[in-house]
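>>> What shape does this take:
(2 chains)
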Protein chains: 2
Amino acid sequence: MAGALTPQSEDFPRWYQDVVAKAEMADNGPARGTMVIRPYGYGIWELMQSELDRRIKATGAENAYFPLLIPLGYFAREAEHVEGFSPELAVVTHGGGEELAEALVVRPTSETVIGEFMAKWIQSHRDLPLKLNQWANVVRWELRPRLFLRSAEFLWQEGHTAHASHDDALEYLMRIHLEVYNDFLINAMSAPGYLGLKTPRERFAGAINSLTIEGMMRDGKALQMVTSHDLGQNFARVFEIGFQNEDGQSELCHTTSWGASTRLVGGLIMMHGDDQGLVVPPRVAPIQVVVIPVREEPEVLAAAERLVAELTGAGVRAVVDRGRASFGRRVTDWEIKGVPLRIELGARDLAAGQVTLVRRDTSDKLTRPLGGLVGEVTSLLERVQADLLVAAAARRDERTVDVESVEEALEAAQSGFARLPWAVVGEAGEDRLNAGAVSVRCLSRPDGTVPSDVNEPDLLAVVARSY
Amino acid sequence: MAGALTPQSEDFPRWYQDVVAKAEMADNGPARGTMVIRPYGYGIWELMQSELDRRIKATGAENAYFPLLIPLGYFAREAEHVEGFSPELAVVTHGGGEELAEALVVRPTSETVIGEFMAKWIQSHRDLPLKLNQWANVVRWELRPRLFLRSAEFLWQEGHTAHASHDDALEYLMRIHLEVYNDFLINAMSAPGYLGLKTPRERFAGAINSLTIEGMMRDGKALQMVTSHDLGQNFARVFEIGFQNEDGQSELCHTTSWGASTRLVGGLIMMHGDDQGLVVPPRVAPIQVVVIPVREEPEVLAAAERLVAELTGAGVRAVVDRGRASFGRRVTDWEIKGVPLRIELGARDLAAGQVTLVRRDTSDKLTRPLGGLVGEVTSLLERVQADLLVAAAARRDERTVDVESVEEALEAAQSGFARLPWAVVGEAGEDRLNAGAVSVRCLSRPDGTVPSDVNEPDLLAVVARSY
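Numbers count the residues shown, from 1 in each chain, chains lettered A, B, ... in the order given. Predicted structure coming up:
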């Protein structure tokens, strides 16, 4: 029964935990902070990956794979951590049955190794731009782990590119941010966000600018969905990534980096989910349609199988529920899993040549003739995809308040986002916000677009509590 | 020039190393035995993955993801290694900035964790069969690392399934071995192998039977391409993977496991490559067609771009070579990369409305009209795919000798494979073969099919040196 889930309004973190468990998304792994991603959760991630990967490749980036284990010395290069190991790192000290001469770090990112190889592979301006992407696991020690949101190991993609000019780097970075990330969020995840720049203190270390997309979760908190960094020549300077320009002179490259992780699965749960469970947008739903026979009757089961075969043939991800639990229980279970559309089919429906379609997002029930259902279903899935975006945008707008002062922003951020002139906030205002567990999530232009610089006039600060 | 590669006949391992480097397949990583898979090598792996993944999913298995780091205690469970760490393992002793209470192992396989979670997820016969697959990286310390063939870290898939009966487990295992692995090798990799069972001493520890497909490399040695294991109830016993049967009684499951890794990339190089470099079968070729303008002339370049646009539109992976090196040098470079088809286009060709097509596998040159080339190219790619299989099978058959005694087998295995009655070999014969650095690669029926048992009468032993 639905009562199995803690209501969101009662205890949101508890609701999240319940959904992750009961929708069979993930389990805790045996080592602290690690995560077992179960088939249903992994199915969502696979679809996200394929949607992102297609867009990444369309920008001309190529996938590659760099080693998991990195000599500790690579981290000393840029490290302030002189003694002991950085608390974030998992360190391999033994291999081949003995203690290693130099300890190896389980990569927290591949940045250092990719930097080294970029330096090796790039000689001339003809080798530029070099656009690499990697899909991999990374490990960062976590003191307060939470499935998908903060896990000691997570899956992600990290892109790293090198360019001959800052203009070229910036142009490419904007393509990644808009044509890859924002397009993916809008069109695959139905997840509208606030786009903008991070403030200097929230910026990625070493970046000239960090671009972000901030999504609003259903508890009114922000989740950073993706980030893209303009590293200027800083990274190239450290890793000596240089090239000979057309005049035969040596120059440093301009580099970018950008990433998205399994955190997006957590974002999907918290942006669309409700008290009945998950709500998965059709384009990233491993199961888009479940056909539920009301009772276990041979003709009904046969009709259900035929319907699923037709849907599958038309490219719809559909299954028959052949479970033996009560009809009501099965409906509840599929609601928890957030399958976008369910089709209920009983003996009486079959006799009348009709079925009942139920939308997960709105609970709307539609009675439709069994014949010609495939076209109906595919267009309904498109409708659900679009409506989820509209609903999420409406919630975001409703819970975003325009305010005039830092005090008002602090107040408003208790239940949603606040927006106010960045000029009103400044460094001192950011201190006060941070003291109240609130932060500037991004700086945007009044029309919502991404500024080219944090010093542009008239920027607005979007302010919220965050994950 | 082609002379840049060591000829296979002169020094095969050196040839392999040259090809991996010059075709830009992979580099050594900074930590000993680790590997950087460059975009061209990774592109081949991605296509292999997608071909395998599609077939794995068609058998009903679902992908999931289990943690990289596993408590050391999990390995003690089944370990004979009581003191110190097993030489194969990379061990994390520090995390979160301090020494860990219990060390963590970087997974050499996920077997132990998957076993634990299978035991947790399976309660009743209704939960069976449970069919899981994982795509991931694993680490096994290597004393003599070699890119793709033996690297400390490699990428692979490992499948693990649990069944209510041994018959069901075996039936599924045969589907994996034949419909997934062998079908992939034959139809995607053009890589014919010998199918059979491992002898008891070559069998995976704990398995009742290990199924293998052994490919012949161009130096006459064998490479184990894939393996699939019937674990009977042994694995279920260790991990307590049980279920309630239909009568409400407790039973142990019957399990299987099966895997394929980036080793396949090494197999592809060594099975098809020649003195000019790689030869990549079209279905796993990141670039299937390269269009090479003879000189850098605007009309020729424009025609080349148009041609590639047409080919791409028809689903062919095609690129234009816009490099500035000499025509001959560019041809040689694409030969090293093993692109199946190259199209040469010069101003004179353009004027005559024709192009020259060159097959990488046979060096055959064909002059064809520029119009209607797309259909010609797609059917030619199919032809290349099929011919590569025929050529590999012919080489395999030519270098496989039927012999009568272990002595003759030892002799024949110096340059290829030997085949003789398993009854003639036996345990003692296996000792003598092993002493001569030769092993029984598999036991097959006289008709080449996989026996159900190593004790079946009339089995043949396929014998060779191996990687």
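>>> so where's chain A shaky on pLDDT?
Within chain A, the set of residues satisfying pLDDT under 70 comprises A:1-3, A:77-85.
>>> Quick check: phi and psi at the residue nearest to the spatial centre of it.
In chain A, the residue lying closest to the centroid (CA atoms, centre = their mean) is A:L264, at 2.2 Å. Phi and psi for A:L264, reported as degrees, to the nearest 10, are phi -60, psi -30.
>>> The one 3 residues further on too?
A:G267 has phi and psi values of phi -60, psi -40 when expressed as degrees, to the nearest 10.
>>> Now A:R317. Nearest residue, chain neighbours left out?
Once flanking residues are discounted, A:R317 sits nearest to A:Q288: 4.5 Å by CB to CB, 6 or more residues apart in numbering or on different chains. All C-beta atoms are positioned from the backbone trio N, CA, C, and that covers glycine.
>>> And A:R395, by the same measure?
That would be A:M216: by CB to CB, 6+ apart, it lies 6.8 Å from A:R395.
>>> Next up, the contacts around that neighbour.
Residues near A:M216 by CB atoms under 8 Å, 6 or more residues apart in numbering or on different chains: A:G193, A:A222, A:M271, A:A392, A:R395, A:R396, A:R399, A:T400, A:G416, A:F417, A:A464.
>>> Apply 7 Å and report the result again.
Neighbour list for A:M216: A:A222, A:R395, A:R396, A:R399, A:F417 [criterion: CB atoms under 7 Å, 6 or more residues apart in numbering or on different chains].
>>> Check A:N245 too.
A:N245 sits in contact with A:H125, A:E251, where contact means CB under 7 Å, 6+ apart.
>>> Equivalent analysis for A:A164, please.
Taking CB under 7 Å, 6+ apart as the criterion, A:A164 is in contact with A:H125, A:L128, A:F243.
>>> nearest to chain B, of those residues?
A:H125 (11.8 Å; CB to the nearest CB).
>>> helix or strand for the closest residue to chain B within the stretch 251-400 of chain A, which one?
Nearest to chain B in the stretch 251-400 of chain A, going by CB to the nearest CB, is A:R324, at a distance of 7.6 Å. Assigned by DSSP states H and E, A:R324 belongs to no helix or strand.
>>> which residue sits closest to it, ignoring its sequence neighbours?
The shortest distance from A:R324 to any non-neighbouring residue, by CB to CB, 6+ apart, is to A:E296 (7.0 Å).
>>> where does the one you found fall, phi/psi-wise?
Main-chain dihedrals, A:E296, degrees, to the nearest 10: phi -90, psi 80.
>>> residues near it, how many?
Using other CB atoms under 10 Å in any protein chain shown, A:E296 is surrounded by 10 other residues.
>>> again with the one 5 residues further on
Neighbour count of A:L301, defined by other CB under 10 Å: 16.
>>> Is chain B within reach of whichever strand or helix holds it?
Using DSSP H and E, A:L301 sits within helix A:298-313. No. Helix A:298-313 is not in contact with chain B by CB under 7 Å from any CB of the partner chain; minimum separation 12.1 Å.
>>> Let me see the ranges of the strands in the stretch 201-350 of chain A.
A:209-216, A:222-230, A:242-244, A:250-252, A:254-261, A:289-293, A:318-320, A:341-345 (DSSP state E, counting those that start in this stretch).
>>> which stretch among the ones you listed comes nearest A:W422?
Closest of these to A:W422 is strand A:209-216, at 14.3 Å (criterion: CB to CB).
>>> what sits against the residue nearest to A:R317?
Contacts of A:Q288 by CB under 7 Å, 6+ apart are A:P282, A:V316, A:R317, A:A318, A:P340, A:L341, A:L381.
>>> Among the residues you listed, which are located in helices?
Secondary structure from DSSP state H places A:L381 of these in helices.
>>> In PyMOL, how would I select just the buried ones from the contacts of A:Q288?
Command for PyMOL, covering only those of these found buried under the criterion 16 or more other CB atoms under 10 Å in any protein chain shown:
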select buried, chain A and resi 282+316+317+318+340+341+381
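>>> A:E404 - that's part of a strand, no?
No. Counting by DSSP: H, G, I helix; E, B strand; the rest coil, A:E404 is located in no strand; its state is coil.
>>> ok, what's across the strand from the closest residue to it other than its chain neighbours?
Nearest residue to A:E404, sequence neighbours excluded (CB to CB, 6+ apart): A:L420, at 6.3 Å. A:L420 forms beta bridges with A:A461, as assigned by DSSP bridges.
>>> closest to B:P30 among the contacts of A:A164?
A:F243 (22.0 Å).
>>> Just give me the neighbour total for the closest one.
Using other CB under 10 Å: A:F243 sits among 22 other residues.
>>> repeat for A:Q244
Neighbour count of A:Q244, defined by other CB under 10 Å: 15.
>>> out of everything not next to it in sequence, what's closest to it?
Ranked by CB to CB, 6+ apart and with sequence neighbours excluded, the top spatial neighbour of A:Q244 is A:S124, at 5.0 Å.
>>> Look up phi and psi at the one you found.
Geometry field for A:S124 lists phi and psi as phi -120, psi 160, criterion degrees, to the nearest 10.
>>> I'd say it and A:F243 touch.
Yes. Assessed by CB atoms under 7 Å, A:S124 is found in contact with A:F243 at 5.9 Å.
>>> tell me the contacts of A:A236?
A:A162, A:G242, A:L252, A:C253, A:H254, A:T255.
>>> ok, which stretches of the stretch 51-200 of chain A are strands?
According to DSSP E, counting those that start in this stretch, the strands that the stretch 51-200 of chain A contains are A:62-63, A:69-71, A:90-95, A:98-106, A:130-139, A:153-163, A:193-197.
>>> What are the buried residues along the fourth one?
When burial is assessed from 16+ other CB under 10 Å, strand A:98-106 yields the following buried residues: A:L100, A:A103, A:L104, A:V105, A:V106.
>>> For that strand, which outside residues touch it?
A:68-73, A:75, A:89-94, A:139, B:31, B:92, B:106.
>>> Ok, the second one next?
Applying CB under 7 Å, 6+ apart, the external contacts of strand A:69-71 come out as A:92, A:102, A:104-107, A:112-113, B:30-31, B:34, B:90, B:139, B:153.
>>> again, but for the last one
Outside strand A:193-197, the residues within contact range by CB under 7 Å, 6+ apart are A:182, A:185, A:209-215, A:225, A:441-444, A:448-451, A:454, A:462.
>>> ok, how many other residues are close to A:D167?
Residues lying near A:D167 (other CB under 10 Å) number 10.
>>> Which of the contacts of A:A236 sits closest to A:H229?
Among the contacts of A:A236, A:T255 lies closest to A:H229 (CB to CB), at 8.8 Å.
>>> Correct me if wrong: the closest one contacts A:L231.
Yes. With contact defined as CB under 7 Å, A:T255 counts as touching A:L231 (4.6 Å).
>>> The buried residues of strand A:98-106: which two are farthest apart?
Farthest-apart pair in those is A:L100 and A:V106; separation 13.1 Å (CB to CB).
>>> Can you tell me which residues in the stretch 151-300 of chain A are near chain B?
Residues of the stretch 151-300 of chain A lying near chain B (CB under 7 Å from any CB): A:E153, A:L155.
>>> quick one on the thing from earlier: number of nearby residues for the residue nearest to A:E404?
That count, for A:L420 with other CB under 10 Å as the rule, works out to 22.
>>> Wait, it touches A:V401, no?
No. With contact defined as CB under 7 Å, A:L420 does not reach A:V401; the gap is 9.2 Å.
>>> domain ranges for chain A?
With domains defined by automatic domain parsing, chain A comprises A:2-68+A:107-272, A:282-383, A:403-464.
>>> and of these, who's closest to B:L373?
That would be domain A:2-68+A:107-272 among the domains of chain A, by CB to CB, at 25.0 Å.
>>> OK, contacts around the residue in the stretch 101-250 of chain A that chain B sits nearest to?
Chain B sits closest to A:W141 of the stretch 101-250 of chain A, with a gap of 4.4 Å, by CB to the nearest CB. Taking CB under 7 Å, 6+ apart, we find A:W141 in contact with A:P87, A:E88, A:L89, A:A90, A:A152, B:G95, B:G96.
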